[in-house]
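[1] Sequence and predicted model, in that order:
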2 protein chains.
Amino acid sequence: LGSNHEWQRWMVSLFMGIFIGFIAYLAHVGVSNILYYKFEFTKDLISENIYLGFLAYFTCNTVLATIGSLLAVYYEPTAAGSGIPEVKGYLNGTKIPHTLKFKTLWTKLASMIFAVSSNLQVGAEGPMIHIGAIVGNGFSQAQSKEFGFKIPFLRSFRNDKDKRDFVTSGAGAGVAAAFGAPLGGALFSLEEVSSFWSTTLTWRSFFACLIATFTMRLLQATNLTQHGLMIFDMGVANKDYAYNLLEFVPFIVIGVLGGFAGALFTLINIKVVAMRREKVNKVKSLRVLEVFLISAVSTILQVFLPLIFPCKEISALSNGGIGQSVLAGNGTSSGSGEIEIEGLKQFNCPKGQYNELASIIFASNEEAITNLLSINSVDLTNTHRISIFALLVFFVFYFLFAAYTAGCGISSGTFVPMIVIGAAYGRAIGLIVSYIVPNYAGLDPGAYAIMGAAAFMAGVSRLTISLTVILIETTNELQYLIPIMVTIMVAKWTADLCIHPFFDILIEMKYIPYLEPHPSKAMRLLMAKHVMAKKPVFCREKEKLGHILHILHETKHNGFPVVNNENDRLVKGLILRSQLLMVLERMHDVYVPNQEQAYSHQDYTTKLAWKLPNLDDLAFDPADHNQLVDLTEIMNLTVVTVNEEFAVSEAFQLFRTIGLRHMPVVNSNNKLKGIITKKDLLEKTCEQRYKELSHLKLGVDQLLHVGDD
Amino acid sequence: LGSNHEWQRWMVSLFMGIFIGFIAYLAHVGVSNILYYKFEFTKDLISENIYLGFLAYFTCNTVLATIGSLLAVYYEPTAAGSGIPEVKGYLNGTKIPHTLKFKTLWTKLASMIFAVSSNLQVGAEGPMIHIGAIVGNGFSQAQSKEFGFKIPFLRSFRNDKDKRDFVTSGAGAGVAAAFGAPLGGALFSLEEVSSFWSTTLTWRSFFACLIATFTMRLLQATNLTQHGLMIFDMGVANKDYAYNLLEFVPFIVIGVLGGFAGALFTLINIKVVAMRREKVNKVKSLRVLEVFLISAVSTILQVFLPLIFPCKEISALSNGGIGQSVLAGNGTSSGSGEIEIEGLKQFNCPKGQYNELASIIFASNEEAITNLLSINSVDLTNTHRISIFALLVFFVFYFLFAAYTAGCGISSGTFVPMIVIGAAYGRAIGLIVSYIVPNYAGLDPGAYAIMGAAAFMAGVSRLTISLTVILIETTNELQYLIPIMVTIMVAKWTADLCIHPFFDILIEMKYIPYLEPHPSKAMRLLMAKHVMAKKPVFCREKEKLGHILHILHETKHNGFPVVNNENDRLVKGLILRSQLLMVLERMHDVYVPNQEQAYSHQDYTTKLAWKLPNLDDLAFDPADHNQLVDLTEIMNLTVVTVNEEFAVSEAFQLFRTIGLRHMPVVNSNNKLKGIITKKDLLEKTCEQRYKELSHLKLGVDQLLHVGDD
């Protein structure tokens, strides 16, 4: 049994990985082709006539953004945003409708392709995580209500735990394929996404990430693209000499600034999301209009901001610098040989010159990142290919637009924007340092750009290990491992002082009940009786049909304690709504009105439920409502009941670590006194309760001595 | 409260990391200096007179090994071996005496330095893990019974959870410092060591690993050594062209062979350990003698095996190859300029020639690894610096000695030996492939050596993610990420078919009760009543002094359910042995014989116990044994009790995920019926029980429907 299932799990992971790699490849091909033709078409127009070129570029961008938005707003609204909060919420035990549907998948995919190729300040990686999660769910279940098929052989995976496992590794594989970072993907799903985790799952997740990346790489090889979707090649760095120890000073400064900037980014986005919810989201057309306006303003700035910068001579950059870096992978520069070296853009300039801001702002995210990270420790001239002023203008522009755009009515992620923003200010600080210490030849602005990206991402997301690995894998620069780790820690600490992590806030704003990894202080001072729902709805072991129908109709609870009788209320087990519905459906199948009937356990289990029955379809003659239904055979005997004095912090741990959903509370005679569910254990609820109870003056010492030894 | 403690945790992690980095540096300095002088002294003698040289080398090695063994056998026996099983066992909830004492730390450190520098086939990394765990424990507790000090300000960390957390991150930091691999260290403690884990702990562990590595690097920089303790610099590989897709075929072959070889290694070592326990371990002097003999035989072979190989011209290796690789970090080659290029050893040969086997066998582990991993994709001559035959002789020698030595009476690890063994056979396969496909210029035997190391380590340890990261970090070759991952997965699967993981078997052989990550099949078919101890020893809420003394004397249980009275036996709480002892000590402090006394809760808690009292010191007049002690105020109300029908698999999850240690079993009236402790949930125990109960013909379906939804 176990072994066979285990192999099936590996096989499912294999196909899941291949499929996710394939989707990532589709996204890559879609985005890079649209971008290629768009830029090919507009760049020549711009160098001839700036207004004509602008018009073409403006039309392309706004049309793409509007189509992407129409899909996400009208066709499948769950597809908007990155989907990370929804996936995290699901893995924490909260089901959000439509989150894991295939319709969401391909709407999201299409909308994301349009969004990224419209040069909005968004990325593809958040949606890829959500898409990976959907694939994980779909493959493991081997069924789809939407498409009306169900494959019997994976039936055994149709339980919460397996589903969660596959969703987790699917999300990881999504990251892995998007960044071309298999280790980073596995670690991301471990660090950020998952609420429940095991060593076995680590292995399978790792495998799925590996396969997804591998598939992606293989497919790309046929497309003559040598680099991954997001491999940022910085050129060949000097391996023998990476950085001076004193450079940790600016790196730490970058970390602190990144922490603050990340906190500010989060704060701005929260305000925007709150405003948007109030003013925009209620009318669908307004949501599309907003996306159109963002795209319009952003595009205007992308074209006209560079005009304030003078043209620079490409030949001023020494030959040592030129050709060191490899071109970005999306092919926009191919065929225009001598002028657009290393992604530098001619834009409005004459031949042989380039516009420094246009090189990063009138460009794809990958081109911008390649410019920002470019390494040239030897040649100081090339260091200044983009000036501090251009970097700061770009930083402000991208920061504000990314912070505003995140969460609007289009499928979009914030990962790549975070890298771009961070790399811009990091490189700027690198240049500032090069002015302060002009004689230090080893200074490498590309390294500062990496530190900036690391710091800003850590400031927003608070990721540590997975972020480090993703950055190392995408830049291929292992020698910066320790400075990256230091910068990330500093940024994380700084941001932790200011504001909660970005995704946690988003989860809260979306009203997804989410249990944090650790119980809060208030929980340690409360007992089960303080937080439990006091009048739990229960069934008796032999319960009247009418009462069952009543509680199913009148409550939305998912689980009901089963007690021996009305008076003693000794807890005997727990029955789920789905189990009650199943019992009623079996009864209904053989139902003859107005006749005493006997149902056995076998009746309940002979056919497996593919789909839960609709309660309204299960009508019984009211005269039969007094018939008794025996629940003893079908209820769960494995129910964790706790005493009224049980510490809430420990109850929290049970919910968080083993995924408990219903916890009946009993007195010392095992009499049912209440029930605790997830919503009773949210941090805010418990803090509220604690305030209400503060007159009880619970001693800390008295309650801290909980648990075992 | 929480925030303040949190900062203290970070500070403790900081100092812990620094201290562990410092110890790793000490170990490094010790080992590399002893090795340097030993080889300097003996190599000249050998090239002059082989027998005289042998005598010197033999004396050095056997004396070093014997001293290392004397320390580990006589002074502190816990210091023998790697200590990994003990640390894993501790983190799984089993306390093993002496495991976390400082005496163990420095005995282990000294013994390990002697062991490694005596050229036994052992490594320093296993002991560093144990040492890191001891430091983690010591720092977090800020007290030591051995040294008799206790610092009050970290008092709040003196609980099981915090202790476990610090031990976990300490172990990780030990790996990190040993390998110079901060990410790998953090992931190792996550994947291999830890039984309980949280996101917050990930961050702190990551931090401790970073600090440990950083300290180590800083200290080394002052010692003019540019490389980390274990950074295997393979030279500059061709970044643009890493490997051909077809090379996955030999890589997979390496994976399969690595899986089998790893299983064989494990099997041999088990047999040796069992034999050793039977024949050697009972007499201490025999244990030392065994180490002496191993060292003697190994040394003889190290000197005389190379003599069967002819000398080779160094000049036959093209200049393109020479100088590409950087010298190994331990300085043995410094000062002997032109002859010992890249660790090639002159040994018995004339000047300008080298002995190929001596270059890897008459060498430190680092030198051997540098030779085995050396990359030279351009120059095929250099590829054959060590022939297939020499590699295979070395492989057999090292494999057998490492498999035999592991677990003998000296402090020693198996990590570096695994790398050496794997790299040897991997490189051999690389050379074989180069004969099969002679025209393929891109073939790189160094890459095959990495794959071999990955495969063999995975075959033995079954690590995946952390192993990948450690290999990438130590070799600095990110371009091999995907082949390494594939090879590791293949090796792991192959070995999984053959035998349990090495460390799991060691844990079992050491009789450490260990709960695996997942419940076994039998557990899913059993109920609590099937595995519980049927006659639990309990206390009443008001219990007679005599009965308390009786159960403390007569049982070794660590926890006792507290019930209302003898007849109803309603479970009211749980009291720990330590709590009972504390109560008795407080009573004893104010005890007046033959007088009715009242003790209040305040009496118990006014002074904090630094050390548990000795039971024998707590004598009461037998006439007072009928006095009642009120336990209600001090017992734990937060006790997880379960029903007799509770599924054992779920009980297992509770023990494994939240670290439960005592689980009273009650009937539906809450009457105490039994108790489940860790030993009842071991895989073997449950399988035994299931066999005994198989006549009950429990239906699988009936019992699989456990848990929530």
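    Received it, and whenever you're ready, just let me know what you need.
[2] now the helices for the stretch 101-250 of chain A?
    A:102-117, A:125-141, A:160-179, A:182-188, A:199-222, A:248-279 (DSSP state H, counting those that start in this stretch).
[3] Kindly reformat those as JSON lines containing mean neighbour count.
    C-beta: built from backbone N, CA, C; applies to glycine. As requested, the helices of the stretch 101-250 of chain A are arranged in JSON lines below (neighbours: other Cβ atoms under 10 Å in any protein chain shown):
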{"stretch": "helix A:102-117", "mean neighbour count": "24"}
{"stretch": "helix A:125-141", "mean neighbour count": "29"}
{"stretch": "helix A:160-179", "mean neighbour count": "29"}
{"stretch": "helix A:182-188", "mean neighbour count": "31"}
{"stretch": "helix A:199-222", "mean neighbour count": "24"}
{"stretch": "helix A:248-279", "mean neighbour count": "20"}
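[4] can you tell me which of those helices comes nearest to B:Val590?
    Closest approach to B:Val590 among the helices of the stretch 101-250 of chain A (Cβ to Cβ): helix A:199-222, 50.7 Å.
[5] Can you dump the C-alpha atoms of the closest one in CSV for me?
    Output for helix A:199-222, consisting of C-alpha atoms alone and laid out as CSV, is shown next (Å, rounded to 0.1, in the frame of the first residue of the first chain):
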residue,chain,number,x,y,z
THR,A,199,11.1,15.7,5.1
THR,A,200,9.5,13.4,2.5
LEU,A,201,7.8,16.4,1.1
THR,A,202,11.1,18.3,0.8
TRP,A,203,12.4,15.5,-1.4
ARG,A,204,9.4,15.4,-3.7
SER,A,205,9.2,19.2,-3.9
PHE,A,206,12.9,19.3,-4.7
PHE,A,207,12.3,16.7,-7.5
ALA,A,208,9.3,18.6,-8.9
CYS,A,209,11.3,21.8,-9.0
LEU,A,210,14.2,20.0,-10.7
ILE,A,211,12.0,18.6,-13.4
ALA,A,212,10.2,21.9,-14.0
THR,A,213,13.5,23.7,-14.4
PHE,A,214,14.9,21.0,-16.6
THR,A,215,11.9,20.9,-18.9
MET,A,216,12.0,24.6,-19.2
ARG,A,217,15.7,24.5,-20.1
LEU,A,218,15.3,21.8,-22.6
LEU,A,219,12.4,23.6,-24.4
GLN,A,220,14.4,26.8,-24.4
ALA,A,221,17.4,25.0,-25.9
THR,A,222,15.3,24.2,-29.0
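[6] Now find how far off-centre that helix is within its chain.
    Mean-position distance between helix A:199-222 and its chain equals 18 Å (Cα atoms, centre = their mean, to the nearest Å).
[7] relative to helix A:160-179, how tilted is that helix?
    For the pair helix A:199-222 and helix A:160-179, the angle between their directions (axes from the mean of the first three to the mean of the last three Cα atoms, to 10 degrees) equals 30 degrees.
[8] So which elements touch helix A:199-222?
    Under the contact criterion of 3 or more Cβ pairs under 8 Å, 6 or more residues apart in numbering or on different chains; DSSP states H and E, the helices and strands touching helix A:199-222 comprise helix A:2-48, helix A:160-179, helix A:182-188, helix B:481-498.
[9] that older thread, lowest-confidence stretch among the helices of the stretch 101-250 of chain A?
    Note on the helices of the stretch 101-250 of chain A: lowest mean pLDDT is at helix A:199-222, with a mean of 82.
[10] helix, strand or coil for A:Ile96?
    At A:Ile96, secondary structure determined by DSSP: H, G, I helix; E, B strand; the rest coil is coil.
[11] got the contact list for it?
    Under the criterion of Cβ atoms under 8 Å, 6 or more residues apart in numbering or on different chains, the neighbours of A:Ile96 are A:78, A:86, A:89-90, A:512.
[12] tell me the most buried of the helices and strands packed on helix A:199-222?
    The highest average neighbour count among these, using mean count of other Cβ atoms under 10 Å in any protein chain shown, belongs to helix A:182-188 at a mean of 31.
[13] So which of the helices and strands packed on helix A:199-222 is nearest B:Phe114?
    For B:Phe114, the closest of the helices and strands packed on helix A:199-222 is helix B:481-498, at 31.8 Å, according to Cβ to Cβ.
[14] next one: that closest one to chain centre, how far?
    Going by Cα atoms, centre = their mean, the spacing between the C-alpha centre of helix B:481-498 and its chain's C-alpha centre is 21 Å.
[15] Against which helices or strands is it packed?
    Based on contacts counted as 3+ Cβ pairs under 8 Å, 6+ apart, the elements that helix B:481-498 packs against are helix A:182-188, helix A:199-222, helix B:248-279, helix B:445-461, helix B:465-475.
[16] okay if I get those helices as a markdown table plus distance to B:Thr42?
    Putting the helices and strands packed on helix B:481-498 into a markdown table (distance: least, Cβ to Cβ, whole Å) gives the following:
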| stretch | distance to B:Thr42 |
| --- | --- |
| helix A:182-188 | 43 |
| helix A:199-222 | 45 |
| helix B:248-279 | 29 |
| helix B:445-461 | 27 |
| helix B:465-475 | 28 |
